[in-house]
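Peer 1: test case, fold it:
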Amino acid sequence: MSPFIMSALLMSLGLGTTITFMSSNWIMAWLGLEINTLAIIPLMTKYHHPRATEAATKYFLTQASASALLLFSGIMKAWLTGDWNIFNSSDLLSSITLTMAIALKLGLAPTHFWLPEVMQGLDLVTGLILATWQKLAPFILMIQITNPNNYSLIVFLGLLSTLAGGWGGLNQTQLRKILAYSSIAHLGWTMVILPFSTKLAMLYIFLYIMMTSALFLILKLMDSTSINLMSISWTKAPLLMALTSMILLSLGGLPPLTGFIPKWLILQELSNNNLNLLALLMAISALLSLFFYLRLCYSATLTTPPNINNNYQWRSTQNSHPLFSPILIISVLFLPITPSLVM
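Peer 2: Numbering: from 1, shown residues only. Just a heads-up that it's a prediction; the model follows:
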């Protein structure tokens, strides 16, 4: 792909998200989401492969359906209330339909089935954009439409997403599908806390983007797309693979790593709101995700693959890597500054 075309597409991604961030009515928000969708589809198909074409087609149909439902909900809200303002979502019907449209765009359960299939057909860099940047615009809209009419629905979608993300990733061997189910589970945690603390939800999405970006960049550097390939990557960069295991455990939420911060604060906030049963279910659902993170750690650092067809990539082919780059440090060592983040 030409560098000029790539630059135009990346700037369009930024423009679409910025328009959605700045919009105060549904027409402009819908326009920003459409620019986002149309800009990422050529990036999905830049490698001419049947799986990439299939992933782009599935993504386009899903996002088109979500956009149609979003526009229909905005029109219905304007008909009932008399304005297109995003913040004035007082009627019950439009609040529910808008929430479901944005949940479909984010990939929240039970509308999550498209995300693992789309992620599997993409290269790691485009998958990184889909798992991080493409979540920002719908997430901002979800924050703006959160009101007492849809509190219960958002919490239910969040709890269902954590369970679906944990169960769905248990049997997977492809890293991109595992990261897709990980994205579903982490978005579930974000949605559960959104009606009670917007700041905690924004903190969670920020730390999730940092940790996931670090993991995607390492997998791209190691050229690993499956558990078998990941298990032989230690021959190229042993120290980097050790750090990868720490990032995986951080995504799982184990102390004293960065990923423990948001889960701890979310469980504390749920307990403060007398939602002890919900906090218990969220903690149990985190164990499902932790299982496949530990499985990846075990494969990456403690085993060698039994398949004799795998070619070992010895240290002579070792790639240079930014071992102490800020994104890797943020992904594993942010726990000591938790009081500053909370304030």
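Peer 1: from residue 195, how far out is residue 201?
Peer 2: Here residue 201 is placed at a distance of 9 Å from residue 195 (C-beta to C-beta, to the nearest Å). All C-beta spots, glycine's among them, are computed from the backbone N, C-alpha and C.
Peer 1: in terms of neighbours, single out the busier of these two.
Peer 2: Legend: neighbour count by other C-beta atoms under 10 Å for residue 201 and residue 195, higher for residue 201 (24 against 19).
Peer 1: shouldn't that one be within a strand?
Peer 2: No - per DSSP: H, G, I helix; E, B strand; the rest coil, residue 201 lies outside any strand segment and is helix.
Peer 1: output the helix or strand of the chain with the lowest mean pLDDT as CSV, restricted to C-alpha atoms.
Peer 2: Taking mean pLDDT, DSSP states H and E as the measure, the helix or strand of the chain with the lowest value is helix 338-342, at a mean of 74. Extracted as CSV, the C-alpha positions of helix 338-342 are listed here (Å, rounded to 0.1, in the frame of the first residue of the first chain):
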residue,chain,number,x,y,z
THR,A,338,-2.3,3.9,42.2
PRO,A,339,-3.1,6.7,44.8
SER,A,340,-2.1,9.3,42.2
LEU,A,341,-4.3,7.7,39.5
VAL,A,342,-7.2,7.5,41.8
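Peer 1: which residues sit against it?
Peer 2: 203, 261, 265, 334 (C-beta atoms under 8 Å, 6 or more residues apart in numbering).
Peer 1: let's see it at 6 Å
Peer 2: residue 261 (C-beta atoms under 6 Å, 6 or more residues apart in numbering).
Peer 1: name the element residue 59 belongs to?
Peer 2: Taking DSSP states H and E as the criterion, residue 59 maps to helix 50-81.
Peer 1: buried stuff in that helix?
Peer 2: Buried residues in helix 50-81, counted by 16 or more other C-beta atoms under 10 Å: 52, 54-56, 58-60, 62-63, 66-67, 69-71, 73-74, 77-78.
Peer 1: which helices and strands does that helix pack with?
Peer 2: Applying 3 or more C-beta pairs under 6 Å, 6 or more residues apart in numbering; DSSP states H and E, one finds that helix 50-81 contacts helix 26-44, helix 92-106, helix 114-120.
Peer 1: show me the contact partners of the first one.
Peer 2: Where contact means C-beta under 6 Å, 6+ apart, the residues beyond helix 26-44 that reach it are 9, 12-13, 16, 19-20, 23, 52, 55-56, 60, 63, 70-71, 74, 84, 122, 126, 137, 141.
Peer 1: which regions of this structure sit below the pLDDT cut-off?
Peer 2: Counting by pLDDT under 70, the chain has low-confidence residues at 88-90, 303-325, 341, 343.
Peer 1: residues in contact with stretch 248-262?
Peer 2: 203-204, 207, 211, 263, 286, 290, 293, 296-297, 331-332, 334-335, 338.
Peer 1: out of those residues, who's nearest residue 104?
Peer 2: residue 204 (20.7 Å; C-beta to C-beta).
Peer 1: for stretch 8-18, buried residues please.
Peer 2: Residues 9, 12, 13, 16, 17 are the ones in stretch 8-18 that count as buried (16+ other C-beta under 10 Å).
Peer 1: pull out the buried positions in stretch 36-44.
Peer 2: 36, 37, 39, 40, 43, 44.
Peer 1: Throw the residues you listed into CSV and include distance to residue 93, thanks.
Peer 2: Output for the buried residues of stretch 36-44, formatted as CSV (distance: C-beta to C-beta, whole Å):
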residue, distance to residue 93
36, 26
37, 25
39, 32
40, 31
43, 36
44, 34
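Peer 1: just the helices in the stretch 201-343 of the chain please.
Peer 2: Assigned by DSSP state H, counting those that start in this stretch, the helices in the stretch 201-343 of the chain fall at 227-231, 238-252, 260-272, 276-301, 326-332, 338-342.
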